[in-house]
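*Asks:* missing the sequence, but the structure's below:
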Ligand code: HEM
């Protein structure tokens, strides 16, 4: 009873208080404003939701808050994406932290990105690390599409890497290749010690690029060796994950982990070396360089760029250094990786090796030196190089960024989205290739019209469109010359106990796909 009374009293007391509270003009206006605010928010949210549901996005694996799909990424992403493609199809949406990334993995997709919508996808995804290391994006490979990039690309295509220039550097290729053949000869002979071909290819590619860019080799000098190891570190850093780019709220981790300091140290080391090389060029005139016994300096990349700099203020000293870095990053690892993969597959396929050797020896007969004219006639050699680039695409991804909203293959792509075209997976797509998992150079003899120049989208190891690689001619000249010499001058075998089918082909993760372990082979007979 008393409980019931208490309850009645309590209710009537609350009723009185509520009436007063509601009727108070201040509280009344707070409630009205709150309701209006919540309604406004709800309308905006429902509008953006309905807009989002109207967008057609590519299939996507489930993502986590903050991380997106980062937790699903593994080393050798080209292989991971290919296998994810079996579930999600040839166009896939992932999120690297807060950054949307669309992956294209078919020849049709590649055509859309690098041909149909080439202008929309003419930017590269910018990362803070690349911006810092490449002189605030003053190089060719990451500079945003526009007037400055167009100027740089035309310098590269018309002055540094034109067919004429590639031809004029023939003496460098020949001299350096001859040195490598002598080194191998000294290892063959009676001992038949295995040769570390990976190491030889790396030194050779560096020396060729060093002589073309600077006029002399730096591989034997302390400064030069330091520079080359800084270039290796720069390449690692360009392919590294930084919080600042993908999870900006955790960017302090880049500082705390020492990552930022490492980037700063590499940038400074490279800058000091390039300053020194440019100063050397400015100090010496051509007569001095002849006196010094150095390579013909009149044709170095630095000299060409310094001349342009004296006529055009927009190409400043930083632009010169950034372009030189592009040449090193683009031109050394790619060539040495391709050579190592080509020799790996030749040693794994002795029938192909013998057939290639026969072609090379029939064309050269008793000649010791291989010329560009000889190489033109070596169709099977060209097929072997093409097959190597298809099967072991050294640069697995073509990285682009959407400059504006666009619809591609029925999907909406928002401005700023990162685009990765998986050139490696396209080269192994059964929709485009017969027995794609087999190394068969003959496929390019039967269908010899397929080429890597950027018009056949099932084979895009050098990319295509405006951002296509400008180094195709120089790369082919180097790779073909070295392979022709190796097979003309030596018989090749594997170190004792290794059968061709057991030869290791494990890949090393990175922006450029190398063999994980160095390739050792034995030059059993030498013919010079
Ligand atoms: C086997 C050798 C090579 C391969 C497989 C290769 C591959 C590539 C690929 C896939 C791209 C991106 C293309 C795109 O997005 O469409 C590229 C761009 C580039 N490459 Fe190469 N490359 C090679 C050799 C070279 C050489 C020797 C140089 C210079 C000496 C070079 C300099 C560049 C530059 C400057 C770019 C940026 C072009 C731009 O953004 O406009 N590359 N390369």
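*Replies:* All right, it came through fine. A quick note: this is a predicted structure, and the numbers were derived from the prediction, not measured. Numbers count the residues shown, from 1 in each chain.
*Asks:* Residue 522 falls within a helix, correct?
*Replies:* No. Assessed by DSSP: H, G, I helix; E, B strand; the rest coil, residue 522 does not belong to a helix; its assignment is strand.
*Asks:* got the contact list for the residue lying closest to it once chain neighbours are set aside?
*Replies:* Spatial nearest neighbour of residue 522, chain neighbours left out: residue 493 (4.8 Å); criterion: CB to CB, 6 or more residues apart in numbering. C-beta coordinates here come from the backbone N, C-alpha and C atoms, glycine included. Going by CB atoms under 8 Å, 6 or more residues apart in numbering, residue 493 touches 347, 521, 522, 524.
*Asks:* most surrounded residue in those?
*Replies:* residue 521 (23 neighbours; other CB atoms under 10 Å).
*Asks:* State the phi and psi torsions of the residue nearest to residue 522.
*Replies:* Backbone torsions for residue 493, taken as degrees, to the nearest 10, come to phi -150, psi 180.
*Asks:* how much space between it and residue 353?
*Replies:* Residue 493 sits 10 Å away from residue 353 when distances are taken as CB to CB, to the nearest Å.
*Asks:* Need the overlap of contacts for the two.
*Replies:* By CB under 8 Å, 6+ apart, the residues touching both residue 493 and residue 353 are residue 347.
*Asks:* about what we covered before: quick one: the contacts of residue 493 as CSV, columns for distance to the ligand and pLDDT too.
*Replies:* Below are the contacts of residue 493 laid out as CSV (distance: CB to the nearest ligand atom, whole Å; pLDDT from 0 to 100):
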residue, distance to the ligand, pLDDT
347, 20, 98
521, 20, 97
522, 26, 95
524, 28, 90
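*Asks:* can you redo these as CSV with distance to residue 196?
*Replies:* Output for those, formatted as CSV (distance: CB to CB, whole Å):
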residue, distance to residue 196
347, 14
521, 9
522, 11
524, 16
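*Asks:* quick one: the residue nearest to residue 522 and the ligand, what's the gap?
*Replies:* 26 Å (CB to the nearest ligand atom, to the nearest Å).
*Asks:* Poorly predicted segments of the stretch 101-250 of the chain, please.
*Replies:* For the stretch 101-250 of the chain, the stretches with pLDDT under 70 are 189-191, 219-220, 222.
*Asks:* where along it do the helices fall?
*Replies:* 107-111, 128-133, 147-155, 163-168, 170-187, 197-214, 222-238, 243-246 (DSSP state H, counting those that start in this stretch).
*Asks:* Please state the offset of stretch 308-316 from the chain centre?
*Replies:* 28 Å (CA atoms, centre = their mean, to the nearest Å).
*Asks:* Over that stretch, what's the mean pLDDT, rounded is fine.
*Replies:* For stretch 308-316, mean pLDDT rounds to 91.
*Asks:* List the buried residues of that stretch.
*Replies:* 308, 309, 315 (16 or more other CB atoms under 10 Å).
*Asks:* what sits against the first one?
*Replies:* With contacts defined as CB under 8 Å, 6+ apart, the neighbours of residue 308 are 155, 159, 315.
*Asks:* ok, whatever residue of the stretch 301-450 of the chain ends up closest to the ligand - how many residues close by?
*Replies:* Nearest residue of the stretch 301-450 of the chain to the ligand: residue 330, at 2.8 Å (CB to the nearest ligand atom). Residues contacting residue 330 under the criterion other CB under 10 Å number 23.
*Asks:* And for the one 5 residues further on?
*Replies:* By the measure other CB under 10 Å, the count of residues near residue 335 is 25.
*Asks:* Kindly report the same for residue 378.
*Replies:* 21.
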